[in-house]
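Visitor: Sequence and predicted structure, then a few things I'm wondering about:
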There are 2 protein chains.
Amino acid sequence: MYTYAHPGLKDPEYYVPGLPIDYVAQRYRISPDDIAKLGSAENPYGTSPMAKAAVGDALDKMYTYASWTAEPLREKLADTYGYEPDNFVCGAGETEIIAMILRAFAAMGERILMPGPCFPMYHLFAEAEGRIPDMAHEATDRTTMALDVDVYIDAIKPEHRIVFLTNPHSPSGTWMTEAEVRRVIEAAPHALVVLDEAYVHYSGGPGYIHLAHDYDNLAVLRTFSKVYGLAGLRLGFGVAHPDIIKALLAVKPTWNIGQLQIIGGVAALDDTAFVQKTIDTIIDSRTYVEGLFAETLDRFRFVPGSMSNFFLIEIMDPDIDSNQVFDGLLERGVIVKDGSISFRGLEKRFMRSDVNFREKMDQLVAALADLP
Amino acid sequence: MYTYAHPGLKDPEYYVPGLPIDYVAQRYRISPDDIAKLGSAENPYGTSPMAKAAVGDALDKMYTYASWTAEPLREKLADTYGYEPDNFVCGAGETEIIAMILRAFAAMGERILMPGPCFPMYHLFAEAEGRIPDMAHEATDRTTMALDVDVYIDAIKPEHRIVFLTNPHSPSGTWMTEAEVRRVIEAAPHALVVLDEAYVHYSGGPGYIHLAHDYDNLAVLRTFSKVYGLAGLRLGFGVAHPDIIKALLAVKPTWNIGQLQIIGGVAALDDTAFVQKTIDTIIDSRTYVEGLFAETLDRFRFVPGSMSNFFLIEIMDPDIDSNQVFDGLLERGVIVKDGSISFRGLEKRFMRSDVNFREKMDQLVAALADLP
């Protein structure tokens, strides 16, 4: 009989995605139109119209192999962000870039530092192939749920091959200053530092993609799943020194992305009107829902400081836990993330909800108020 | 400074794809319409019309995350091939499935058996992360370029974690009987045997996908890139015992494929008219070009026995080598594969050409006849 490369593969742990509308509609007999999907951080406006049009126009290219490095997209990214094409690697979502980085810069048995809690793919992908995630739970401030950069820097050890940072932070959505990010990078000169900026647009600013010019041990990651509305197309990228990119190209399946992803990505980068509309709506709704929580709810706390399109809800009522809240919201047609299921180390006191249109925020708050 | 997971990642070797038409048109100042692209084994008819229509109708889904296991496609595959959905894993081309299998069933430093020469991604992906490919060059019959199954079985050692088989074989296109394939599987009970059937449709028969019912150490791989004309969409799958699939799901990026791939794949499987038209054309042209070689060329030999949409050309003239033939053909608007560049161990005596429409075969033979 065959042998698994790592014993954990016999009974692996998988990422738990947010529930889809169809499943909830069927299970709870609710009309799909009445469901608020607030567990997947998708774009409320759908897909960038320019990206959609470009993909629709490219179907005649589906029979040919694309550039294996996604060269047209690398060139567009280089123009957009002020780099060279060989500073970029493209993947089937930012999640594929995370997997590539783990494979190229940490071998089986080697250690990786990440905040605790954090985006679960950091530790799930690490563990699947026998790498060891060190989750710095002590660096999470339990009031703001923000990352305490000083404590995180103390957790960096010489044996860490990779150090993850997420900005806006996950799952709190809180923000780190450029000086804080620089301090982490400079505290880990022996490691590759990964700055995951999946949700950076919702900060309202440009983020720190320029830092890859300054540090040759840094990779900055971005996704097309969020502000461009392309979660179902699968596209993300990393920017770093060409020596890092060369290694990432070697561990990716040769044609990891295809013609439609390349063409859709190039078009999306030009759709600044759609991007701005999305950002404006999210920022408006974020303020709105924080106000609603303060006015309406006493058993639930809006954890402040989110610069993302999601936020944490703390359950202040000691008589209910996140499993009960999750199920109660589903029955009321509202899908969020149960913190204890979706984030290792978050226990049963937190939910994570997307920011979406104001009416979806009303629906969330009404459902929370309605819980027994 | 960061450390590579494996020292080879500092200066990696990449797969060399067939050249695209645009590059050759520009470099050699030839009209794109006059170029015969015979180095990528793409479908001469383009994409399955049913797949193209389904993808075009699905653009409104691009903003949502797809099922991370590609469940609608797994269900369709199960119906089509007589398995359960949990017998399947889907990927961004068959090449991603190859990468998953290497990661899940061979750790760094472990050994993998494959024919020599073979599809290069077997050894390139293995080496990129420090696995050791053993290429059984001695098992290649130098007249037919077919795999000698007895010699290959002798090459199987207890330390081999994975044993690759390709049928039709690569790069010869030759065919193994079901009895031969079973003998290899049964000779490697300690390993995972991978039966790569990327080109199986061009054999004119159904192939051996049913064998995954009989062996729990077998994975059969297929692609949508060839007979369905979806090379640029990126889609392939593997069928195996659910215990194998469970491990493969853990090493894939969670959403490795998206909505358009799932929907396009489901539609393609129903497009039997397009599949049959493609198969009929390839089989007709394959016989035709073999006849042309026999009638027209004496410096080049059509290596007989291909059951695929490609074939090997042996250079019989000792005064020219494959680099010269490759360049000479490019100047004449014909793109093939230089065996010495595309296949490790093939040296400079072979080219690999696609089978395509009869007129493209005429163009290839005329260009070969025209070489100085």
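Guide: That came in fine, so what should we check first? This structure is a prediction, so every number in the text was calculated from the model and none was measured.
Visitor: switch to C-alpha atoms for all contacts and neighbour counts from now on
Guide: Will do.
Visitor: quick one: contacts for A:Ser172?
Guide: For A:Ser172, the contacting residues are A:Thr144, A:Met145, A:Ala146, A:Val303, A:Gly305, A:Ser306, A:Phe310, A:Phe311, A:Leu312, by Cα atoms under 8 Å, 6 or more residues apart in numbering or on different chains.
Visitor: Chain B: which of these is nearest?
Guide: Nearest to chain B among the contacts of A:Ser172, counting by Cα to the nearest Cα, is A:Phe310 at 16.1 Å.
Visitor: Can you verify my assumption that that closest one contacts A:Val355?
Guide: Yes. Look at A:Phe310 against A:Val355 with Cα atoms under 8 Å: they come within range, at 5.1 Å.
Visitor: between those two, what contacts are shared?
Guide: A:Ala41.
Visitor: now the helices for chain A?
Guide: With DSSP state H as the criterion, chain A has helices at A:21-28, A:49-57, A:71-81, A:94-105, A:121-128, A:149-155, A:178-186, A:242-251, A:259-269, A:272-296, A:322-331, A:339-342, A:358-370.
Visitor: Counting by contacts, list what the second one packs against.
Guide: Put plainly, it is helix A:49-57. Using 3 or more Cα pairs under 8 Å, 6 or more residues apart in numbering or on different chains; DSSP states H and E, the elements in contact with helix A:49-57 are helix A:259-269.
Visitor: quick one: contacts of the helix it packs on?
Guide: Residues outside helix A:259-269 that contact it (Cα under 8 Å, 6+ apart): A:48, A:50-52, A:54-55, A:58-59, A:61-62, A:64-66, A:70, A:72-73, A:76-77, A:80, A:224, A:228, A:233-235, B:232-233.
Visitor: Show me just the buried residues among those.
Guide: Among those, those buried by neighbour count (16 or more other Cα atoms under 10 Å in any protein chain shown) are A:48, A:50-52, A:54-55, A:59, A:61-62, A:64-66, A:70, A:72-73, A:76-77, A:224, A:228, A:233-235, B:232-233.
Visitor: Next one: A:Leu124 from chain B, what distance?
Guide: Counting by Cα to the nearest Cα, to the nearest Å, the gap from A:Leu124 to chain B is 8 Å.
Visitor: wait, what's in contact with that residue?
Guide: A:Glu13, A:Tyr14, A:Tyr15.
Visitor: Does A:Gly305 touch A:Thr144 like I think?
Guide: Yes. A:Gly305 lies in contact with A:Thr144 (Cα under 8 Å); the separation is 7.4 Å.
Visitor: who wins for neighbours among the contacts of A:Ser172?
Guide: Counting neighbours by other Cα atoms under 10 Å in any protein chain shown, A:Ser306 comes out on top of the contacts of A:Ser172 with 28 neighbours.
Visitor: Please name the nearest non-neighbouring residue to it.
Guide: Leaving out its chain neighbours, the residue that sits closest to A:Ser306 by Cα to Cα, 6 or more residues apart in numbering or on different chains is A:Gly173, at 4.1 Å.
Visitor: now do A:Leu165
Guide: Distance criterion Cα to Cα, 6+ apart; nearest residue to A:Leu165, sequence neighbours excluded, is A:Leu195 at 4.9 Å.
Visitor: tell me the contacts of that neighbour?
Guide: Going by Cα under 8 Å, 6+ apart, A:Leu195 touches A:Phe164, A:Leu165, A:Thr166, A:Asn167, A:Leu218, A:Ala219, A:Val220, A:Leu221.
Visitor: State the distance from A:Glu347 to A:Ser322.
Guide: For A:Glu347, the distance to A:Ser322 (Cα to Cα, to the nearest Å) stands at 8 Å.
Visitor: Can you check which residues contact both of the two?
Guide: A:Gly339, A:Ser340.
Visitor: In terms of packing, which of the two has more residues around it?
Guide: Between A:Glu347 and A:Ser322, A:Ser322 has the larger neighbour count (other Cα under 10 Å), namely 21 against 16.
Visitor: give me every residue that touches that one.
Guide: A:Ser322 makes contact with A:Ile315, A:Asp338, A:Gly339, A:Ser340, A:Lys348, A:Arg349, A:Phe350, A:Met351, according to Cα under 8 Å, 6+ apart.
Visitor: Can you name the two of those that sit furthest apart?
Guide: A:Ile315 and A:Ser340 (12.0 Å; Cα to Cα).
Visitor: Give me the common contacts of those two.
Guide: By Cα under 8 Å, 6+ apart, the residues touching both A:Ile315 and A:Ser340 are A:Ser322, A:Arg349, A:Phe350, A:Met351.
Visitor: Quick check: nearest residue in space to the first one, chain neighbours excluded?
Guide: By that I understand A:Ser322. Excluding the flanking residues, the one nearest A:Ser322 by Cα to Cα, 6+ apart is A:Lys348, at 4.8 Å.
Visitor: hang on, A:Asn323 packs against A:Asp338?
Guide: Yes. The criterion here is Cα under 8 Å, and A:Asn323 meets it with A:Asp338 at 6.5 Å.
Visitor: re earlier: bridging residues for the residue nearest to A:Leu165?
Guide: Per DSSP bridges, the residues bridged to A:Leu195 are A:Leu165, A:Val220.
Visitor: how near is it to A:Ile313?
Guide: Per Cα to Cα, A:Leu195 is found 25 Å from A:Ile313.
Visitor: Run through the residues that contact A:Leu312.
Guide: Applying Cα under 8 Å, 6+ apart, the residues near A:Leu312 are A:Pro171, A:Ser172, A:Gly173, A:Phe302, A:Val303, A:Phe350, A:Met351, A:Arg352, A:Ser353.
Visitor: For the fourth one, which non-adjacent residue is spatially closest?
Guide: Read that as A:Phe302. A:Ile313 (5.0 Å).
Visitor: Counting neighbours, what do you get for A:Asp327?
Guide: A:Asp327: 15 neighbours (other Cα under 10 Å).
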